[in-house]
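Asks: next input, structure requested:
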Amino acid sequence: MESSIQKPFFVLEETQPGLSDEQLVELYLERREPQHFEALLRRYERELFTFLRRFLGNVQHAEDVFQGTFLLVHLRIEQFESGKRFRPWLYAIASNKAIDFMRRNKRHLMPSLDQTSKVGESEESIAQRLSSRDLGPDQLAISNETRERVREAVQELNAPTQQLIQLAFYQGLKYADIAEILQIPLGTVKSRVFTAIRKLNEIWMRKEGECQSS
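Replies: Presented below is the predicted three-dimensional model:
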């Protein structure tokens, strides 16, 4: 049976693929024809669901927040500012919904770094473990164990910092996009990423020491 992760939520085909996100929003606001909103949903469903699954570490939770995100987008679509880009606006709503969900369900969540993805792990720093994408045979052999330790390290961070790590390293968003999503200056994003990586390295080194002494 096909996994629910791989199965699309909707069977709608994207309409008018040549239009930008912003043009689809404009058309939907002008005409209120559902196919324009459905095209936006179809365009982002896989990408956004992957982000939420990684952030929340649970397929069902990701599905719930995904549905809630697009419901909120639909309700707030008139608040979308002309001249802005849709993708950062969408991620802002999704990530805020995810953080709210985590806070409400703190005891029941196990945040993870997409355990089905192939994240490269070197022996130098946790930053390289997070950012590397290419695995060699030797790296594949140790990836599962190391990924679990990375997951545990990230789990010790607060929710906003986990959000930043997910956006920067796993979604691969540009700092300018993250600044727009989080509504903070570009310099603040760079500073927070640096601080997050430094904190992760501290946690990693502590855990490495605990493993060696046990």
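Asks: what number of residues lie near the residue nearest to His61 when sequence neighbours are not counted?
Replies: Sequence neighbours aside, Phe101 is the residue nearest to His61 in space, at 6.5 Å (criterion: C-beta to C-beta, 6 or more residues apart in numbering). For the C-beta atoms, the positions are set from N, CA and C on the backbone; glycine is no exception. Phe101: 21 surrounding residues under other C-beta atoms under 10 Å.
Asks: and the contacts of the helix or strand Phe101 falls within?
Replies: Element membership for Phe101, per DSSP states H and E: helix 86-104. For helix 86-104, contacts defined as C-beta atoms under 8 Å, 6 or more residues apart in numbering pick out 21-22, 24-25, 40, 44, 48, 51-52, 55-56, 61, 64-66, 68-69, 72-73, 76, 80, 109, 111, 159-160, 163, 166-167, 171, 173, 177, 180-183.
Asks: PyMOL command for the buried members of those residues?
Replies: This is the PyMOL syntax for the buried subset of the contacts of helix 86-104, where burial follows 16 or more other C-beta atoms under 10 Å:
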select buried, resi 21+22+24+25+40+44+48+51+52+55+56+61+64+65+66+68+69+73+80+109+111+159+163+166+167+171+173+177+180+181+182
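Asks: what helices or strands is the top helix by length along the chain leaning on?
Replies: For the chain, the helix with the greatest residue count under DSSP state H is helix 186-213. Applying 3 or more C-beta pairs under 8 Å, 6 or more residues apart in numbering; DSSP states H and E, we find helix 186-213 packed against helix 126-131, helix 137-155, helix 159-165, helix 175-182.
Asks: buried set for that helix?
Replies: Residues of helix 186-213 classed as buried by neighbour count (16+ other C-beta under 10 Å): 189, 192-193, 196-197, 199-200, 203-204, 207.
Asks: any idea which of the helices and strands packed on helix 186-213 scores lowest on pLDDT?
Replies: Per-segment confidence across the helices and strands packed on helix 186-213 bottoms out at helix 126-131, which has a mean of 52 in mean pLDDT.
Asks: quick check: closest non-adjacent residue to Tyr175.
Replies: With C-beta to C-beta, 6+ apart as the criterion, Tyr175 has its nearest non-adjacent residue at 4.8 Å, and that residue is Val189.
Asks: does that neighbour really touch Leu182, like I thought?
Replies: Yes: contact status for Val189 versus Leu182: in contact at 6.9 Å, counting by C-beta atoms under 8 Å.
Asks: between the two, what contacts are shared?
Replies: Among the neighbours of Val189, those also in contact with Leu182 (C-beta under 8 Å, 6+ apart) are Leu164.
Asks: neighbours of Arg54, how many?
Replies: Using other C-beta under 10 Å, Arg54 has 22 neighbouring residues.
Asks: er, Gln155 I mean
Replies: Using other C-beta under 10 Å, the number of residues around Gln155 comes to 15.
Asks: try Phe49
Replies: Taking other C-beta under 10 Å as the definition, Phe49 ends up with a neighbour count of 20.
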